Every structure is written in C-alpha cells, then in structure tokens.
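J.: Dropping the sequence and predicted coords here.
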Amino acid sequence: MKAADFAYEKPDSLDAALALLADPDRDASPIAGGQSLVPMMNFRMAMPELLVDLNGLDELRGISADAGGGLRIGAMTRYSALEASDLVTERAPIIAMALPHIAHAAIRNRGTIGGSVSLADPAAEMPALMLVLDAEIEVQSAKAQRRIKADEFFTGLYETALDEGELVTAIHVPAAPSGRRFAFYELARRHGDYAMAGVAIAGTGDALEDPRIAFFSVSDRALRARGAEAALAAGDVEGAIAALDEIDFAGDLNADAKTKRHLAGVVLKRALGRL
Ligand SMILES: Cc1cc2nc3c(=O)[nH]c(=O)nc-3n(C[C@H](O)[C@H](O)[C@H](O)COP(=O)(O)OP(=O)(O)OC[C@H]3O[C@@H](n4cnc5c(N)ncnc54)[C@H](O)[C@@H]3O)c2cc1C
C-alpha cells in the first residue's frame, strides 16, 4: 500500500520544528529515521497531515561525555553511530551489548534512539535499556524543556509521557557506580527479528547490590520487575524467577501470555548466567 497524502517540511532549527509541531490546526508528526513511521504510514496505521523531518536539526545530534561520568545522546543519534562509539561501550556497555540484536544493519543505519524511545514499542530493546540505566529523557516543546525519568516515561502500549507538540531531544545516562555489571539476553526466532522475550539487568559488585531488571516483549510496555529485583538483592535467583508472576504478561503474534511468562524466566536465568 501507499501512504495517504501528506505535506512535508524539513526545518533547519529546533525552534522552527517545535513551532510547526505546536500548530493546533495541523496534525503534524515528527519523522526521524522513518524505519517505523514509514511502514506505519504505508499500512495507513498512521496518517499525519504534515511530516516534520528532524534530519536537519544539528541540536539533536551527537554523543557527548558529561562531567559526572555519564553520557548525553542526542535524539537523532542513529543505532549505527551508537555501535561505532567507544564512549557508549565504555560508559553504557549494555547499549553496546544490545545493539547487534536490534533489527539489521540497514535499519540501524537509519533508526534513531529518539525514534525508538518515542515510539515505545513493547518489543523494542531501547526502552528496557533506558530503565536499567536509570536514564532521563530530555524533552522540549515550543514553551518549555523538561527531563523525565525513564521509570515514568513508558506509560502503556506505544504510549509515553510525551505531551502534544513535545519532542525527545536527548537521552541522559548517569554515570554507573564503580563495579556496576550488566547483562542482556533476548530470544528471537531469527537474529535481527524482534525478540519473543528479552531482559536487561544491572547490579553492583559480586552481591549484585541495587539490581535493576527490565523486560521487553513480554507485556504492553518495557517494564521493571521489582519483585524479582528484591529477590535478587537477597541473592535468591529462584525467588526472582518466581516473582515474575507480578508481571501483567501479554501475548503477541509470537506467543501467548502463558508462553511469555515461561520465556521471561528463561531469559532472566540466561542473562544472570552472563553477569
Ligand atoms: C524490518 C524491521 C525490523 C526491526 N526490528 C527492530 C528490533 O528488533 N528492535 C527494535 O527496537 N526496533 C526494530 N525496528 C524498528 C526500528 O528500530 C526503528 O527505527 C525505531 O523503532 C524507530 O526509530 P526511527 O528513528 O526510525 O523513528 P521513526 O520511524 O521516524 O519514528 C517513530 C515514531 O517516533 C516519533 N518520533 C521520532 N523521533 C522523535 C522525537 N525525537 N521526538 C518525538 N517523537 C519522535 C515519530 O513521530 C513516530 O511516531 C525494526 C524495523 C524494521 C523495519
């Protein structure tokens, strides 16, 4: 199928883009890498009147180190740029672990971190990574800028805390405490396909203090497994797997909710084996 008719603008400043998105008379949608939005438009699941192309905005580009040992990643940073970044490997190694599992090279050359976070696909890796890294999502509208904790950002199926007219401008990843360890594991039918179930984990030191466990592709959104985190903090791996019953599992085209429950336990155990 072909997309419905739409108008197209490619602003050259963030202010100009935000002004277009703030116009109440136009149903405008930002486009980043287009790797999700274009197929959605072709299937007519999305029919924006106006596409606001973010590819001309220098303000949204670049990966930089912050003074506190963390990272600022511009929203328009493509997966391929994250893969090539030594700073990312050094300061947010779990992003580097997950990247090879995200789609295929051609899609990673176009897809952006901001697009993935904004879309909030329950099967996407990036939202779960944001939860485990305790990242903050920087967002801006024509009126104001704010930062939203990842824990509060993903609110439902393809739903986020973004308000009308707001753009994701950057991701802030705080410095990891010394001794922080990370693991990532996903099960997919073929490498590069969306996961049937996946998990990202962080914990500090041999005792895995302050553990964070985030699942994707098991429910309507990426989510923390807080009961499992508490069990893991107490050194109880079997208890962590049992505590996954707290999750509101949801089936998809790949598997029903009961199978997702089983797969969540499998990926958690395998990820723990990689820590
Ligand atoms: C064959 C195939 C396989 C894929 N496999 C995977 C996979 O395994 N894992 C995975 O995570 N993804 C996968 N994807 C999706 C891909 O990674 C997308 O690129 C990504 O999810 C969206 O990024 P994008 O930059 O292309 O966003 P776009 O498609 O341009 O936009 C997506 C949505 O976000 C909005 N948006 C974009 N940028 C911003 C912003 N800065 N602020 C506010 N809203 C914004 C758009 O309006 C749109 O609603 C796959 C895609 C394809 C085609």
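T.: Yes, it's here.
J.: Quick check: Ala176 touching Arg91?
T.: Yes. With contact defined as Cβ atoms under 8 Å, Ala176 counts as touching Arg91 (7.3 Å). Bear in mind the C-beta positions are built from the backbone N, C-alpha and C, glycine included.
J.: anything in contact with each of the two?
T.: Common neighbours of Ala176 and Arg91, using Cβ atoms under 8 Å, 6 or more residues apart in numbering, are Gly69.
J.: So the helix or strand hosting Ala19, near the ligand or not?
T.: Taking DSSP states H and E as the criterion, Ala19 maps to helix 14-22. No. Using Cβ under 6 Å from any ligand atom, helix 14-22 never reaches the ligand; the gap is at least 8.6 Å.
J.: buried set for that helix?
T.: 14, 17-18, 20-21 (16 or more other Cβ atoms under 10 Å).
J.: Ile148 and Ala17, how far apart?
T.: Ile148 sits at a distance of 19 Å from Ala17 (criterion: Cβ to Cβ, to the nearest Å).
J.: Next up, the contacts around Ser64.
T.: Ser64 is in contact with 71-72, 87, counting by Cβ under 8 Å, 6+ apart.
J.: Of those residues, grab the buried ones for ChimeraX.
T.: In ChimeraX syntax, the buried subset of the contacts of Ser64 is picked out as below (16+ other Cβ under 10 Å):
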select :71,72
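J.: what does the stretch 51-200 of the chain put close to the ligand?
T.: Contacts of the stretch 51-200 of the chain with the ligand, taken as Cβ under 6 Å from any ligand atom, map to 54, 75, 102-103, 107, 110-112, 114-116, 118-119, 121, 124-126, 167-168, 194.
J.: swap the cut-off to 8 Å and go again
T.: Proximity of the stretch 51-200 of the chain to the ligand (Cβ under 8 Å from any ligand atom) is limited to residues 54, 60, 75-76, 78-79, 101-104, 107-108, 110-119, 121, 123-126, 139, 162, 166-169, 188, 192-195.
J.: So how do I select the buried members of the residues you listed in PyMOL?
T.: For the buried members of those, the matching PyMOL selection, counting by 16+ other Cβ under 10 Å, is:
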select buried, resi 54+60+75+76+78+79+101+102+103+107+108+110+111+112+113+114+115+116+117+118+119+121+123+124+125+126+139+162+166+167+168+169+188+194+195
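J.: And the pLDDT for Ser85?
T.: pLDDT recorded at Ser85 is 98.
J.: whoops, Arg212 was the one
T.: pLDDT, Arg212: 98.
J.: residue contacts, it?
T.: Counting by Cβ under 8 Å, 6+ apart, Arg212 touches 131-132, 134, 201-203, 224, 229.
J.: Dump those to CSV, plus pLDDT.
T.: Formatted as CSV, the contacts of Arg212 follow (pLDDT from 0 to 100):
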residue, pLDDT
Leu131, 98
Val132, 98
Asp134, 98
Ile201, 98
Ala202, 98
Gly203, 97
Arg224, 98
Glu229, 98
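J.: Just the buried ones out of these, please.
T.: 131-132, 134, 201-203, 224, 229.
J.: Check the residue lying closest to Arg91 once chain neighbours are set aside and give its pLDDT.
T.: Nearest residue to Arg91 in three dimensions, chain neighbours excluded: Leu71, at 5.0 Å (Cβ to Cβ, 6 or more residues apart in numbering). Looking at Leu71, its pLDDT is 97.
J.: Alright, that wraps it up for me.
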